[in-house]
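J.: Here you go, sequence then predicted model.
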Amino acid sequence: MSTLFMPKIFRKLCKQAAGKVRRFLLLRFRKSYVTEQIEQRQGECNQCGNCCEILFQCPFLIKYDTGDTLCSIYEDRPNQCDAFPINEKCLSDVDFDCSYSFGTQILQIETELQLTND
């Protein structure tokens, strides 16, 4: 079936499901990659809850009438939650609506500096 004929919401759900599987596999089999990526990650979790609603709403996410959210197990959350986002691809799963970012500009400058020092 061509993706042109799939409803937009179905394509988004498929992408989110693939992202969940990708993150699970990265955390289990590419731990050094995840560690490197987390070191490059900038910002702090503002507990917006966007990552807690990828594909389905996490049962530990508390949503208040004011629109605020809170993770009821934040201090003891699973590794998969703690590692989010692993990279830019993860940010696309929440439409880049996240307080984290990755220093791609910083990495580019560091690469240029390495090239000039060689």
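T.: Yep, that arrived.
J.: Isn't residue 79 up against residue 27?
T.: Yes. Between residue 79 and residue 27 there is a contact under Cβ atoms under 8 Å: 5.9 Å. In short, each C-beta sits where N, CA and C put it, glycine included.
J.: Looking at those two, which has the bigger crowd around it?
T.: residue 27 (17 against 13; other Cβ atoms under 10 Å).
J.: Pretty sure the more buried one sits in a helix.
T.: Yes. Assessed by DSSP: H, G, I helix; E, B strand; the rest coil, residue 27 belongs to a helix.
J.: list the contacts for it?
T.: With contacts defined as Cβ atoms under 8 Å, 6 or more residues apart in numbering, residue 27 is in contact with 34, 79, 80, 83, 86.
J.: repeat that for 10 Å
T.: 33, 34, 78, 79, 80, 82, 83, 86 (Cβ atoms under 10 Å, 6 or more residues apart in numbering).
J.: How much space separates the fourth one from residue 96?
T.: Here the criterion is Cβ to Cβ, to the nearest Å. By it, residue 79 lies 23 Å from residue 96.
J.: One more: the fifth one?
T.: In this structure, residue 80 lies at 20 Å from residue 96, with Cβ to Cβ as the measure.
J.: neighbour-wise, which of these two wins?
T.: residue 80 (15 against 12).
J.: what's the residue closest to the geometric middle of the chain?
T.: residue 85 (2.6 Å; Cα atoms, centre = their mean).
J.: Which of the three states applies to that residue?
T.: Classified using three-state DSSP, residue 85 is coil.
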